[in-house]
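S.K.: Give me a model of this one.
(one chain, ligands or ions: 1)
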Amino acid sequence: MGQARILDGKALAQTIRTEVAEGVRQIEAQGNRPPGLAAVLVGDDPASRTYVTMKGKACREAGFHSVQVEMPEDTSQEELLDKVRGLNADPSIHGILVQLPLPAHIDEMTVVRGILPEKDVDGLHPVNAGNLVIGLPGFVPCTPLGVRELLMRSGIETAGRFTVVLGRSNLVGKPLALLLARKGKGGDATVCLCHSRTSDLASICRQADILIAAIGRAHFVKGDMVKPGASVIDVGINRIDDPSAKRGYRLVGDVDYAAAEKVAGAITPVPGGVGPLTIAMLLRNTLESALAAAGQHSAVTPKG
Ligand code: GUN
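M.R.: Here you go, the predicted model:
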């Protein structure tokens, strides 16, 4: 018997995807190319394949030009870089996403650096990461953008609120902390970036008005780590064995949902919370890239 408001990321993602599809109609009505996204998959990790397939489907539904590039596990770094260079030079492509993780023999940062910053809709290129640090326009990683969007559109005030981000990854924790600490709408939070070496983590979490878990460990956040009435955002997607489930596993977040929802004021479910927003924001970033290529400012989102 929970009391928390459930933050429906799936419904919000659908709303954003509809807005993006409208943006695509407008850009085409003005005689421009539709946004084009290339997703590159190296090897055949099943989870990565699922994500890339979902991204391709979302692109087509929004009216994008969608390219899926599949390369074998033993692709060399140079072959992958060549492919990226080709996509950089292709005017029908506005966004390039190389699905991570890459096979161990390929250096991820070398590949990310090979993507033109203007097409790095994942926001992982050092130029985009640096722009986020100093508050200049640039692409911001999609999951942090999705979290901010969910907070804003759910009416959860961030200004002045003590916000704990658990996890310091380049893809989620670090950019999210920077985004929420930025000046302006959806920002102005007082951010504490915690990680596996943080002392007294539970007591810090218990002070959070907004608690965001992106630590990659199933059910890490227990009910007694949540301040009564807090907003709890669960970015985790962890597989745990479940012989009774159809595939033998089920997906759970970084938060012990059953316990946390009894204490929290608002909470995201897993699945159906942050996950769907990542793809929606990828589409929005790609639309913005296409608008920029057409010489227009974004009609969809402030860069902030
Ligand atoms: N692997 C897991 N999440 C992501 C993401 O957002 N982008 C890329 N490129 N790879 C990922």
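S.K.: make it CA atoms for all contacts and neighbour counts henceforth
M.R.: Noted.
S.K.: helix or strand for residue 177, which one?
M.R.: Remark: residue 177 resides in helix 173-181, with elements defined by DSSP states H and E.
S.K.: One more: residue 147?
M.R.: Following DSSP H and E, one finds residue 147 within helix 142-153.
S.K.: SS state for residue 67?
M.R.: Using DSSP: H, G, I helix; E, B strand; the rest coil, the structure places residue 67 in strand.
S.K.: one step back: now the angle from the helix holding residue 147 to helix 173-181?
M.R.: The directions of helix 142-153 and helix 173-181 differ by 30 degrees, with axes from the mean of the first three to the mean of the last three C-alpha atoms, to 10 degrees as the criterion.
S.K.: List the buried residues for helix 142-153?
M.R.: For helix 142-153, a neighbour-count test (16 or more other C-alpha atoms under 10 Å) marks 142, 143, 144, 145, 146, 147, 148, 149, 150, 151 as buried.
S.K.: which is the next helix or strand following it?
M.R.: Of the helices and strands lying after helix 142-153 in sequence (DSSP H and E), the nearest is strand 162-166.
S.K.: what sits up against the helix holding residue 147?
M.R.: By C-alpha atoms under 8 Å, 6 or more residues apart in numbering, the list of residues contacting helix 142-153 from outside reads 7, 9, 12, 121-123, 157-158, 171-173, 175-176, 179-180, 186, 233, 274-275, 277-282, 285.
S.K.: and the ligand, which of those residues contact it?
M.R.: With C-alpha under 6 Å from any ligand atom as the criterion, the members of those in contact with the ligand are residue 122.
S.K.: Among the buried residues of helix 142-153, find me the one that's closest to residue 226.
M.R.: Comparing the buried residues of helix 142-153 against residue 226 with C-alpha to C-alpha places residue 151 closest, at 17.3 Å.
S.K.: measure that closest one to the ligand for me?
M.R.: From residue 151 over to the ligand the distance is 19 Å, taken as C-alpha to the nearest ligand atom, to the nearest Å.
S.K.: which intervals of the stretch 151-300 of the chain have sub-threshold pLDDT?
M.R.: In the predicted model of the stretch 151-300 of the chain, residues 298-300 satisfy pLDDT under 70.
S.K.: Check the stretch 1-150 of the chain too.
M.R.: Counting by pLDDT under 70, the stretch 1-150 of the chain shows low-confidence ranges at 1-2.
S.K.: pretty sure residue 78 is in a helix, no?
M.R.: Yes - with the criterion set as three-state DSSP, the secondary structure at residue 78 is a helix.
S.K.: Can you give me the neighbour number for residue 129?
M.R.: For residue 129, the count of nearby residues is 23 (other C-alpha atoms under 10 Å).
S.K.: does the nearest residue to residue 216 once chain neighbours are set aside sit in a helix or strand, and which one?
M.R.: Taking C-alpha to C-alpha, 6 or more residues apart in numbering, and ignoring the residues beside it in sequence, residue 216 has residue 236 as its nearest neighbour in space, at 5.4 Å. According to DSSP H and E, residue 236 maps onto no helix or strand at all.
S.K.: What distance do you get for the residue lying closest to residue 116 once chain neighbours are set aside to residue 25?
M.R.: Nearest non-adjacent residue to residue 116, counting by C-alpha to C-alpha, 6+ apart: residue 88, 6.1 Å away. Distance of residue 88 to residue 25, given as C-alpha to C-alpha, to the nearest Å: 24 Å.
S.K.: ditto for residue 194
M.R.: Distance check for residue 194 against residue 25: by C-alpha to C-alpha, it reads 42 Å.
S.K.: Which residue of these two possesses the greater neighbour count?
M.R.: residue 194 (22 against 15).
S.K.: ok, that one touching residue 169?
M.R.: No - if you go by C-alpha atoms under 8 Å, residue 194 and residue 169 don't touch, sitting 10.8 Å apart.
S.K.: Tell me which residues touch residue 188, please.
M.R.: So residue 188 contacts 158, 159, 160, 180, 181, 182 (C-alpha under 8 Å, 6+ apart).
S.K.: For it, which three-state class applies?
M.R.: Secondary structure of residue 188, reduced to three states by three-state DSSP: coil.
S.K.: how much space is there between it and residue 168?
M.R.: Using C-alpha to C-alpha, residue 188 is found at 19 Å from residue 168.
S.K.: Cool, thanks, talk later.
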